[in-house]
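> One predicted model, sequence on top.
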Amino acid sequence: MGALLQKELKTLWNSPWQLALVTYIPIISMLCLWWLFSAGLPRQLPVAVVDLDNSQLTRTLTRNLSANSVISPKTYPNLALAQEAMSTAEVYALVVYPHQFKHGLLTGVSPTIDIRYNSQFLLVGKLLSSQLQLSLGSGLMQVAGLKQLLGGANKASVAVNLSPVTSQTTALFNRNNNYVGFLVPPVLIALLQLLSMMVFVNSLNASLIKGEDKCLLPDNFWQLVATKVMLYTPIMLLHGGFILVWLYGYLGLPIAGSLGLLVLTQAMMLGALWLLVILVVVVMREPAGSISMGSAMFAPAFAFMGITFPVNDMPQLAQWWRLLMPSSHYMDTHVIVVSYGAEAGQVLLQSSSLLYFLVLLPIAWLLAKIIRQKQAPVNSAESLAVVSQQQEAR
């Protein structure tokens with residue numbers, strides 16, 4: 001095993017691309033992704049405003065939108081231009097005040113304000129939807145109160161009629177709605193999974209023997225696999241630890257639990273990932289095909305983590321696909337440790353879903369055995385051909 005490990009280290013040192021994948025590329029990529037979200041909170045998001053009423057009330061509502069730090073209203077003369085601006089991502093949402101809007105409110109017609117947002121920008125759209133309704137609702141409440149006062153109601157009854165039920169929202173975690181603590185951890189874990197997949201696939205592909213149609217498995221395939229697991233698990237775990245130290249150590253993001261439990265779960269995630277990669281390489285036995293298959297499986301990992309979109313609302317196929325990604329199982333544990341301070345027993349119970357990936361090991365072993373049995377006659381024929389050629393040369 002020691003000789004194989006030395007050989008693997010030598011191969012890694014002589015491969016510039018593989019060496020880059022395990023050294024500076026993960027760090028640079030992670031820092032760049034963090035920098036994209038470093039602002040923490042979205043500010044001054046452009047919103048198109050189409051005022052077909054052009055009354056004092058609609059102008060007041062627009063000023064209310066301007067007072068919201070998230071919204072930056074831009075006036076458009078008609079709906080067509082506003083829709084074109086939203087389709088080209090010049091604005092992320094639009095608000096349309098209908099004709100005779102104020103007159104309808106005062107006469108009890110109940111006109112409708114048209115609010116639209118681009119759902120392709122999932123988080124931005126949801127944020128703008130809530131902030132637009134909040135800003136417009138506060139402005140319209142003043143009009144509703146004035147209407148009741150003009151109708152003879154006293155101030156006390158007006159307050160009760162406008163807000164018969166009051167509510168208080170208390171955030172259990174991410175109290176400042178900071179996107180760094182909310183989005184950056186799953187984004188970086190998805191990146192770590194993708195880079196780890198590429199590192200392990202490249203390493204396994206380098207051990208295959210070139211054949212006519214597909215590559216052949218070497219005789220010591222499983223010894224090579226064990227060597228690569230021993231080498232690349234601690235290396236990629238260091239990058240996973242860098243994510244945790246950077247976010248919760250250097251940046252000081254709040255964490256209720258233990259970083260050690262997260263490191264342990266990351267090791268389990270990498271183990272599950274290695275099993276998936278081994279199965280893909282054994283089945284494909286073709287370098288480009290293995291990379292393509294792995295990229296197709298793990299590139300959309302962030303969308304399936306259940307952070308930005310509820311898992312229960314996903315189609316059934318998407319929920320099954322989510323279960324194939326080790327990063328999804330890890331993020332479930334990450335959330336309960338960071339947000340709720342889960343202890344070791346709860347973490348092990350939550351992470352036990354990663355143990356189901358162990359069923360892939362006997363499947364990959366059986367497939368490799370069958371493949372090697374089919375390769376044996378081919379290898380023997382090639383050896384006989386080499387011997388006969390040498391005899392002829394003599």
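Looks like it came in fine. Since we're looking at a predicted model, the values are computed, not measured.
> who touches the helix or strand where residue 47 lies?
Assigned by DSSP states H and E, residue 47 belongs to strand 45-51. By C-beta atoms under 8 Å, 6 or more residues apart in numbering, the residues outside strand 45-51 that reach it are 58-59, 62, 65, 70-79, 82, 85-86, 90-97, 124, 127-128, 132. All C-beta spots, glycine's among them, are computed from the backbone N, C-alpha and C.
> and if you look at stretch 205-224?
Contacts for stretch 205-224 (C-beta under 8 Å, 6+ apart): 1, 4, 8, 11, 15, 18, 204, 228, 281-282, 284-287, 290-291, 365, 368, 371-372, 375, 378-379.
> List only those of these flagged as buried.
4, 8, 11, 18, 204, 228, 281-282, 284-287, 290-291, 365, 368, 371, 375 (16 or more other C-beta atoms under 10 Å).
> Compute the distance between the residue nearest the centre of the chain and residue 189, please.
With distances taken as C-alpha atoms, centre = their mean, residue 302 lies nearest the centre of the chain, 1.8 Å away. From residue 302 across to residue 189, the span is 8 Å (C-beta to C-beta, to the nearest Å).
> coming back round to it: check the residue nearest to the centre of the chain and give its pLDDT.
Note on residue 302: pLDDT of 87.
> Please give me every residue in contact with it.
Shown in contact with residue 302 (C-beta under 8 Å, 6+ apart): 186, 187, 190, 308.
> least trustworthy helix or strand in the protein by mean pLDDT?
Least confident helix or strand, the chain: helix 155-162 with a mean of 50, by mean pLDDT, DSSP states H and E.
> The helix or strand that that one is followed by: which residues count as buried?
Heading C-terminal from helix 155-162, the first helix or strand you meet, by DSSP H and E, is helix 179-207. By neighbour count on 16+ other C-beta under 10 Å, the buried set for helix 179-207 is 179-205, 207.
> Could you do stretch 105-116 as well?
Quick answer for stretch 105-116 (16+ other C-beta under 10 Å): 105, 111, 116.
> export those to TSV and tack on distance to residue 215 and pLDDT?
Shown next, in TSV, are these (distance: C-beta to C-beta, whole Å; pLDDT from 0 to 100):
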residue	distance to residue 215	pLDDT
105	73	72
111	69	78
116	53	87
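> Show only the entries of the contacts of strand 45-51 found in helices.
58, 59, 62, 65, 79, 82, 85, 86, 124, 127, 128, 132 (DSSP state H).
> list the contacts for the residue nearest to the last one when sequence neighbours are not counted?
It refers to residue 132. Excluding the flanking residues, the one nearest residue 132 by C-beta to C-beta, 6 or more residues apart in numbering is residue 115, at 5.5 Å. Residues in contact with residue 115 (C-beta under 8 Å, 6+ apart) are 93, 94, 95, 96, 129, 132, 133, 136.
> Relative to residue 266, which of those residues is nearest.
residue 129 (35.0 Å; C-beta to C-beta).
> Pretty sure the closest one sits against residue 93.
Yes. Using C-beta atoms under 8 Å, residue 129 is in contact with residue 93, at 7.3 Å.
> Now list whatever residues contact both of the two.
Counting by C-beta under 8 Å, 6+ apart, the residues touching both residue 129 and residue 93 are 115, 117.
> The two: who's more crowded?
With neighbours defined as other C-beta atoms under 10 Å, residue 129 and residue 93 compare such that residue 93 has more, 25 against 15.
> Quick check: that one touching residue 86?
Yes. Between residue 93 and residue 86 there is a contact at 7.2 Å, judged by C-beta under 8 Å.
> overlap in contacts of those two?
Residues within reach of residue 93 and of residue 86 at once, by C-beta under 8 Å, 6+ apart, are 48, 116, 118.
> and which of the residues you listed is nearest to residue 30?
For the shared contacts of residue 93 and residue 86, the closest approach to residue 30 (C-beta to C-beta) belongs to residue 118, at 28.2 Å.
> check contacts around the closest one.
Contacts for residue 118 (C-beta under 8 Å, 6+ apart) come out as 86, 89, 92, 93, 124, 125.
> List only buried entries from those residues.
By neighbour count, with 16+ other C-beta under 10 Å, these hold 86, 92, 93, 124, 125 as buried.
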